[in-house]
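Visitor: with the sequence up front, the predicted model follows.
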Amino acid sequence: MRIFGLLAALVIFLAPLSAQANVINGTTSSRVSVPAKGAASVNVTWRMTWDDVLGAGSATITSNNAFVIVDGATIATIGNTLSQFVATNGQAVTFSETLTLSPAIARRISQAPAGSAVIRRTFSDGGAISATINAPVSTGNIGPLSVRRIELKFENQSRTDIVQKGDTLRAVADISFRSNGLLRGEWRIVDASASLGSARGRVIQKVRQQLVSSGEGRQRIVSPPLPTKTNGLHMVSFSVEDTDGNITVPILRYFVLEGRDNVPPINLSVLTPGNGATLNKETAFSWNAMAGAHAYQVEILPQGSDNPVTAKLVPGTDLKLSLSSLSFEDLAPASLYDWRVQALANGKIIGQSERYSLKTQ
């Protein structure tokens, strides 16, 4: 049996970032631009050393294909057969080739959590050695990634929600950004077991995703399932690095109920606005405190319906809500609606106000 000390290392650049791997006795290097959009031609040079340790005299070194691996799974077979005859112990062997990454392959790499892949070749003659190296995606030279705005909603498009214990709930971040680059974000939660003063909360998922745009771009990122096993008020946010100045990090609130079978008493009094009021820029919703309330929800509902058009959940320390805090995108102009306030605590709706009418302009 003939044994060869074959080495292969591939260096791929995320301009100007570079990395190099050495396997046993040799090196190989290449400058590669792997775009996150469109096809790419990858020029690779593999260098290795043949050791004729058993005195075989000569050999033919062969590699059939190269493989592209993302998240541990082979997504593509690329390249042609490489073959070279060697007859001198310690001879340096060099292979040069051009590997083609299709737009689909480049897209798969850009969608990987770290925006990277592995390119692997196996050289063999009675044995085999593989060389691997991370292949970062090149994102062009139009400037660094800059996140300009983050819009946060639940999947049902609301900015506040009341769910039963064990329900499935996810949030969606709509990212407005400029240029290209690797997004570094975190989904964070402040749940009922934590102090509401812990504004940053705990990380429930880190996000690493390549964002690509020729100028201005948008990307939708869905959260993992949010915790719904603990009763009470929860807050969720999505924060990112590489923001464009001091952008506002939005926060969603949701309340987990033990169940919906309780009929809350009408025992909460409101202060403003008055019954039949017309909404304007100065409108503010306010109410009297209820003992034991952990949170309040202000709801605007179609007349005769219990399904809110828009709602806002606030901590139990808040007794006032400005008009600008509610979303009125779904309210029809010159129309009549009802509004009310509900008080929540210990996984239940412990009270609510009567319904009062209001008008849109």
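Guide: Sure, I can see it.
Visitor: for the strand or helix carrying residue 49, name the packing helices and strands.
Guide: Assigned by DSSP states H and E, residue 49 falls within strand 40-50. Using 3 or more C-beta pairs under 8 Å, 6 or more residues apart in numbering; DSSP states H and E, the elements in contact with strand 40-50 are strand 59-63, strand 91-101, strand 116-124. C-betas here are computed from N, CA, C, even on glycine.
Visitor: the inter-axis angle of whichever helix or strand comes after the first one versus strand 40-50?
Guide: Downstream of strand 59-63, the next assigned helix or strand under DSSP H and E is strand 66-70. In this structure, strand 66-70 runs at an angle of 120 degrees to strand 40-50, with axes from the mean of the first three to the mean of the last three C-alpha atoms, to 10 degrees as the basis.
Visitor: contact partners of strand 66-70?
Guide: The list of residues contacting strand 66-70 from outside it, by C-beta atoms under 8 Å, 6 or more residues apart in numbering, reads 44, 74-79, 97, 99, 101, 105, 108-109, 112, 117-121, 132.
Visitor: and that strand, which residues are buried?
Guide: For strand 66-70, burial by neighbour count (16 or more other C-beta atoms under 10 Å) applies to 66-68, 70.
Visitor: note down every partner strand of whichever helix or strand comes after it and its orientation.
Guide: The element immediately downstream of strand 66-70 (helix or strand, assigned by DSSP H and E) is strand 73-78. Strand pairing for strand 73-78, using DSSP bridges, gives strand 66-70 (antiparallel).
Visitor: listing partners with orientation, what would you give for the helix or strand residue 174 falls within?
Guide: In the assignment (DSSP H and E), residue 174 maps to strand 171-178. Strand 171-178 has the following strand partners under DSSP bridges: strand 146-154 (antiparallel), strand 216-222 (antiparallel).
Visitor: to residue 93, which of those strands lies closest?
Guide: Residue 93 lies closest, by C-beta to C-beta, to one member of the strands paired with strand 171-178: strand 216-222, at 44.3 Å.
Visitor: domain ranges for this protein?
Guide: As recorded under automatic domain parsing, the domains making up the chain are 40-136, 146-257, 270-359.
Visitor: could you dump the ones you listed to CSV with mean pLDDT?
Guide: Formatted as CSV, those follow (pLDDT from 0 to 100):
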stretch, mean pLDDT
domain 40-136, 74
domain 146-257, 83
domain 270-359, 89
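Visitor: and those: which comes nearest residue 264?
Guide: With C-beta to C-beta as the criterion, residue 264 lies closest to domain 270-359 of the domains of the chain, at 4.2 Å.
Visitor: return the distance of the closest one from the chain's centre.
Guide: 32 Å (C-alpha atoms, centre = their mean, to the nearest Å).
Visitor: just the buried positions in stretch 147-159, please.
Guide: 147, 150, 152-154, 158-159.
Visitor: nearest residue to the residue nearest the centre of the chain in space, please, no chain neighbours.
Guide: For the chain, the residue nearest the mean C-alpha position is residue 207 (4.2 Å; C-alpha atoms, centre = their mean). Once flanking residues are discounted, residue 207 sits nearest to residue 185: 4.0 Å by C-beta to C-beta, 6 or more residues apart in numbering.
Visitor: list the beta-bridge partners for that neighbour.
Guide: Going by DSSP bridges, residue 185 forms beta bridges with residue 207, residue 240.
Visitor: and if you look at residue 100?
Guide: With DSSP bridges as the rule, residue 100 is bridged to residue 41.
Visitor: any idea how far residue 211 is from residue 151?
Guide: 15 Å (C-beta to C-beta, to the nearest Å).
Visitor: scratch that, residue 231
Guide: Counting by C-beta to C-beta, the gap from residue 231 to residue 151 is 28 Å.
Visitor: what do you get for residue 349?
Guide: Distance of residue 349 to residue 151, given as C-beta to C-beta: 28 Å.
Visitor: returning to what we had before: any chance of the helices and strands packed on strand 40-50 in JSON lines, with mean neighbour count and distance to residue 300 too?
Guide: Shown next, in JSON lines, are the helices and strands packed on strand 40-50 (neighbours: other C-beta atoms under 10 Å; distance: least, C-beta to C-beta, whole Å):
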{"stretch": "strand 59-63", "mean neighbour count": "16", "distance to residue 300": "67"}
{"stretch": "strand 91-101", "mean neighbour count": "16", "distance to residue 300": "52"}
{"stretch": "strand 116-124", "mean neighbour count": "21", "distance to residue 300": "47"}
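Visitor: ok, which stretches of this protein are helices?
Guide: 103-110 (DSSP state H).
Visitor: before we move on, the earlier item: and the domains of the chain: which comes nearest residue 263?
Guide: Set against residue 263 and scored by C-beta to C-beta, these come closest in domain 270-359, at 8.8 Å.
Visitor: give me the buried positions along stretch 348-359.
Guide: Applying 16+ other C-beta under 10 Å to stretch 348-359 flags 348-353, 355-356, 358 as buried.
Visitor: which outside residues touch it?
Guide: Contacts to stretch 348-359, defined as C-beta under 8 Å, 6+ apart, come from residues 162, 257-259, 262, 264-270, 273-279, 287, 290, 292-293, 300-301, 303, 334-344.
Visitor: quick check on the residues you listed: which are buried?
Guide: 162, 257, 268, 270, 273, 279, 287, 290, 293, 300-301, 337-344.
Visitor: ok, back up a step: max pairwise distance over the buried residues of stretch 147-159: which two?
Guide: Maximum pairwise distance in the buried residues of stretch 147-159, criterion C-beta to C-beta, is 23.3 Å, between 147 and 158.
Visitor: all set, thanks.
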